[in-house]
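Peer 1: output the structure for:
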Amino acid sequence: MIGERVQDWLVMAFLRCYKALLKSSFQCLALVLIIFGRLTVLCAEGPEAALPSLMHFTDGKRVSSLPEWEQRREQIRDLLVKYFIGTFPEKVPEIIKAELISEVEGDKDSIRRRIRITLGTPNRASFDMDLWSPKGAGPFPLLLTAPRFYQRYWAEDALERGYAVCLFPGVDSHHREANYPGFESVWQKFRDEYPGSTWTEISAKGWLASRCIDYLLSESSVTRVDPSRIAIIGFSRYGKQAMIAAAFDSRISCVVARSPGSPASSPYRYTSRNTYAEAPSDFPSQWFLPSLRKYTGRENQIPIDAHGWYALIAPRHCLIHTAHNDGAEPTFAVEKAYIEGRSVYRFLGAANQLRVDYREGGHSSGPPPESISRDDRQRNLDWIDLAFGRGKIGPEHFPEELIHDFEWKEWSSGQKGSEIKVPANGSALEKIRWTMGIEPEEIINDKKDDYLSDKESDLMTHDRWAPPGIVRAPIRFGHGVRGNLFYKEGLKGPLPVVVWLHPLSYHSGYNEGYGVQGTTVYHRLAQNGFAVIAYDQCGFGLRLLEGRDFYSKYPKWSRLGRMVMDARDAISFAMDPEGNSKVPVPAMDKERIFLLGYSTGSLVAMHAAAQDPRVAGVACFSGWSPLKDPSQDKVTGGNWRLWGLHALQPRLGLFEGHEKSIPYDYDTVFRLIMPRPMLLVTPKRNRFADHGAIADLLQRLKVKDPDGFKDSLTWLNPDDVDHFQKDQQMNFIHWFRSLD
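Peer 2: Model prediction:
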């Protein structure tokens with residue numbers, strides 16, 4: 001993690017100082033020790049780009065024993081309560097009364113009961129639960145789930161396997177179930193009973209699931225339940241609920257969360273606005289503490305993140321069932337949380353009891369109204385059977401499979417010294433190209449249809465938020481790249497062209513998800529008269545697995561190199577689209593081809609424009625921070641985000657600790673683009689960038705080439721966090737119009 005790397009650097013610095021000071025006064029040595037100690041604490045406690053380590057206390061001390069782990073676990077629990085879900089009642093109320101409201105014989109040789117539980121709260125509040133159980137004496141393994149209609153299919157399947165099923169009052173306040181009145185609102189009654197507690201909707205409903213368990217394990221229960229075999233399962237928002245319930249009730253020995261999203265399987269640090277996934281401002285109603293919303297754009301300041309749930313669930317069985325293109329949770333975020341959670345499971349000797357399980361497709365997998373396919377439901381229940389020692393499924397049926405498991409050290413060990421030597425006498429462009437690796441002679445393409453199908457476009461919601469009159473024309477170009485051209489009907493060409501280069505949206509590619517204001521960027525641009533080329537870049541969206549396999553196929557190249565190649569091929573399409581569109585497309589203006597990038601898309605845009613004179617202009621929104629200034633790397637992630645975290649430019653990792661030796665910085669790139677127009681938008685509160693270093697770099701560029709700077713570059717540095725929504729999209733449109 002970043003903090004460990006910074007502390008390693010401090011250790012080396014201290015040793016150098018120590019050797020020098022052995023010949024000096026002990027007073028100086030003491031001063032160095034004080035400074036070193038303070039810096040170490042700052043490294044542990046300050047904002048971090050990386051996920052906070054679960055195996056380190058907040059002061060930086062590493063957990064080394066089980067008693068210490070229990071202390072760290074309690075620390076994580078307190079942080080999750082403080083920042084995410086609020087406080088619970090101090091004392092669990094006893095059960096005052098349990099009434100059998102109804103009892104009928106159901107399908108699958110079962111008995112289905114509704115039971116009303118009254119608790120010893122100040123006003124004797126009550127709630128209803130449904131209990132489905134096989135006929136017989138038991139004890140039965142138990143599955144809990146909220147009775148949302150698509151989750152009751154799980155309940156029926158579990159009943160067939162011999163489980164008792166508890167349908168607890170956890171229906172979301174935005175949902176309604178006709179046969180379960182009040183199941184969506186009873187949580188408010190209990191929150192009113194305890195005005196001193198700050199618990200939220202999701203945590204209150206998790207608490208009610210635990211109160212159902214209280215009854216089912218009591219002597220008054222109408223069904224005998226095996227106390228060692230209790231599982232909870234949920235989909236989407238109910239997956240969040242299931243994880244939180246399990247985190248705070250150790251009697252739940254297995255949890256399955258299907259596509260639970262943020263902040264559950266997906267930490268906010270990796271689902272912020274530059275991923276087109278769920279930021280802290282996006283959760284509705286009272287799911288989490290309202291104060292959490294203020295961290296949008298500064299997620300790295302939260303001292304814990306969603307991976308903390310794993311610390312509270314461990315070492316019990318936990319399965320995250322997610323999809324390659326799940327609109328609620330990017331695979332990248334899911335895996336980074338999983339890897340950190342795995343450190344706890346390994347420490348506790350339970351490595352096989354935590355898994356991410358991938359499926360193809362998106363958030364839903366079943367036909368309406370199921371939402372979850374039968375095969376997926378059966379696999380979810382297989383995991384629970386495995387946890388309970390039932391059935392014939394073994395751990396080998398749930399192997400660890402990762403998509404974003406790039407090991408930089410392993411990559412670097414396969415590089416030859418002669419190949420990674422910086423060209424000493426090379427031109428600026430040659431040095432830039434060197435950092436992107438060696439382009440292969442042959443590019444291996446997966447076998448796919450020539451054009452995106454309607455099914456693929458539906459999966460990626462390419463037509464969502466489409467205003468009237470906008471055409472989406474499937475296109476192809478380059479080495480097996482498929483995308484779409486968006487334009488407005490009825491416009492006379494030739495149309496100015498924008499190549500849209502998306503951010504770190506692993507799950508959705510070029511399509512926006514959370515945070516859309518009115519319409520998406522490509523629709524908005526098309527509305528304003530542009531022909532917009534939009535496609536998923538290498539490792540994103542429908543090309544997700546291309547990123548997983550990239551370095552096994554091309555160990556000498558880089559993903560940024562491939563992404564730049566694709567952008568240049570998109571330009572070639574705009575120059576001559578003949579034969580590469582599924583339907584006729586309008587005439588495009590070869591003299592007005594612009595690259596528009598946000599976040600990582602900005603890096604692609606600037607590097608492509610530096611190499612390709614056909615580009616008329618470039619607009620870069622965020623996405624970069626000077627390469628040679630590592631002073632804020634712990635907070636921003638620095639170059640590590642490029643060479644280690646996202647595996648875009650691995651050769652930059654060769655300069656860790658001596659960044660001044662990197663053969664170029666972005667001012668060199670900008671000078672290669674000049675005198676063509678550039679728009680640079682760098683928000684002052686972008687947590688991924690060092691704004692002071694950006695200002696210094698641009699000042700140096702201005703000093704070197706004052707006329708070119710004035711004539712070419714428009715720099716906007718709003719007092720804002722990092723995002724790309726309607727206002728930023730309009731900034732590009734206004735800038736483009738100002739060029740005429």
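Peer 1: surely Ser133 touches Thr223?
Peer 2: Yes: using Cβ atoms under 8 Å, Ser133 is in contact with Thr223, at 4.4 Å. Heads up, the C-betas are built off the backbone N, CA and C, glycines and all.
Peer 1: give me the more crowded residue out of these two.
Peer 2: For Ser133 and Thr223, the more surrounded residue by other Cβ atoms under 10 Å is Ser133, and the numbers stand at 25 against 20.
Peer 1: can I take it that the more buried one is in a strand?
Peer 2: Yes: assessed with DSSP: H, G, I helix; E, B strand; the rest coil, Ser133 lies in a strand.
Peer 1: near Glu439, how many other residues are there?
Peer 2: By other Cβ under 10 Å, the burial measure for Glu439, its neighbour count, is 15.
Peer 1: how near is it to Asp375?
Peer 2: Between Glu439 and Asp375 the distance is 41 Å, computed by Cβ to Cβ, to the nearest Å.
Peer 1: likewise Gly513?
Peer 2: According to Cβ to Cβ, Gly513 stands 26 Å off from Asp375.
Peer 1: more neighbours: these two, which one.
Peer 2: For the pair Gly513 and Asp375, the greater number of neighbours falls to Gly513 (21 against 11), based on other Cβ under 10 Å.
Peer 1: got a list of what the more buried one touches?
Peer 2: By Cβ atoms under 8 Å, 6 or more residues apart in numbering, the contact set of Gly513 is 276-277, 327, 461, 505, 507.
Peer 1: among those residues, which two are most distant?
Peer 2: Ala277 and Thr461 (13.3 Å; Cβ to Cβ).
Peer 1: intersection of neighbour lists for the two?
Peer 2: What both Ala277 and Thr461 touch, as defined by Cβ under 8 Å, 6+ apart, is the set 508, 513.
Peer 1: just for the stretch 451-600 of the chain, where's the confidence low?
Peer 2: Along the stretch 451-600 of the chain, segments meeting pLDDT under 70 are nowhere present.
Peer 1: for it, what spans make up the helices?
Peer 2: Taking DSSP state H, counting those that start in this stretch to define them, one finds helices in the stretch 451-600 of the chain at 454-459, 521-527, 544-548, 550-553, 559-575, 600-611.
Peer 1: number of nearby residues for the residue nearest to Glu591 when sequence neighbours are not counted?
Peer 2: The shortest distance from Glu591 to any non-neighbouring residue, by Cβ to Cβ, 6 or more residues apart in numbering, is to Ala616 (6.4 Å). Neighbours of Ala616 under the rule other Cβ under 10 Å: 20.
Peer 1: go on, the one 3 residues further on?
Peer 2: Number of residues near Ala619 (other Cβ under 10 Å) recorded here: 27.
Peer 1: separation between Glu184 and Glu70?
Peer 2: To Glu70, Glu184 is 36 Å away according to Cβ to Cβ.
Peer 1: by contact count, what packs against the strand or helix carrying Leu698?
Peer 2: Taking DSSP states H and E as the criterion, Leu698 maps to helix 691-704. The criterion is 3 or more Cβ pairs under 8 Å, 6 or more residues apart in numbering; DSSP states H and E, and the helices and strands that helix 691-704 contacts are helix 666-673, helix 706-712, strand 713-716.
Peer 1: list the contacts for Tyr295?
Peer 2: Each residue near Tyr295 by Cβ under 8 Å, 6+ apart is listed here: 268, 280, 301-302.
Peer 1: I'd like the residues you listed laid out as TSV, including secondary structure.
Peer 2: Putting the contacts of Tyr295 into TSV (three-state DSSP) gives the following:
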residue	secondary structure
Tyr268	helix
Pro280	helix
Gln301	helix
Ile302	coil
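Peer 1: of those residues, just the buried ones, PyMOL syntax please.
Peer 2: This is how PyMOL selects the buried members of the contacts of Tyr295, with burial counted by 16 or more other Cβ atoms under 10 Å:
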select buried, resi 268+280+302
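Peer 1: just give me the closest of the contacts of Tyr295 to Ser126.
Peer 2: Of all the contacts of Tyr295, the one sitting nearest Ser126 is Pro280; the distance, using Cβ to Cβ, is 34.4 Å.
Peer 1: what ranges do the helices span in the stretch 1-150 of the chain?
Peer 2: For the stretch 1-150 of the chain, the helices identified by DSSP H, counting those that start in this stretch occupy 2-21, 26-45, 66-80, in order along the chain.
Peer 1: can you list the domains in the protein?
Peer 2: Taking automatic domain parsing as the criterion, the chain consists of the domains 2-74, 95-397, 411-623+634-714.
Peer 1: for Leu459, give its distance to Asp536.
Peer 2: As for Leu459, its distance to Asp536 is 12 Å (criterion: Cβ to Cβ).
Peer 1: shared neighbours of the two, anything?
Peer 2: Leu542.
Peer 1: which of these two has more neighbours?
Peer 2: Just comparing Leu459 and Asp536: by other Cβ under 10 Å the higher neighbour count belongs to Asp536, 26 against 22.
Peer 1: dump the helices and strands packed on helix 691-704 to CSV, plus mean pLDDT.
Peer 2: Written out in CSV, the entries for these read as follows (pLDDT from 0 to 100):
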stretch, mean pLDDT
helix 666-673, 97
helix 706-712, 91
strand 713-716, 97
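Peer 1: so which of these gets nearest Ala125?
Peer 2: Between Ala125 and the helices and strands packed on helix 691-704, the tightest spacing by Cβ to Cβ is seen for strand 713-716, at 54.5 Å.
Peer 1: give the buried residues for that closest one.
Peer 2: Residues of strand 713-716 classed as buried: Leu713 (neighbour count, 16+ other Cβ under 10 Å).
Peer 1: one more: stretch 344-363?
Peer 2: Those would be 344-345, 347, 350, 352-359, 362-363, for stretch 344-363 by 16+ other Cβ under 10 Å.
Peer 1: ditto for stretch 158-170
Peer 2: So stretch 158-170, judged by 16+ other Cβ under 10 Å, has buried residues 158-159, 161, 163-170.
Peer 1: widest-spaced pair of the residues you listed?
Peer 2: With distance counted by Cβ to Cβ, no two of these lie farther apart than Arg161 and Pro169, which are 24.1 Å apart.
Peer 1: and the closest residue in space to Arg73 that isn't next to it in sequence, which of the three is it?
Peer 2: The spatial neighbour of Arg73 that comes closest, neighbours along the chain excluded (Cβ to Cβ, 6+ apart), is Ala311 at 5.7 Å. State at Ala311, reduced to three classes by three-state DSSP: helix.
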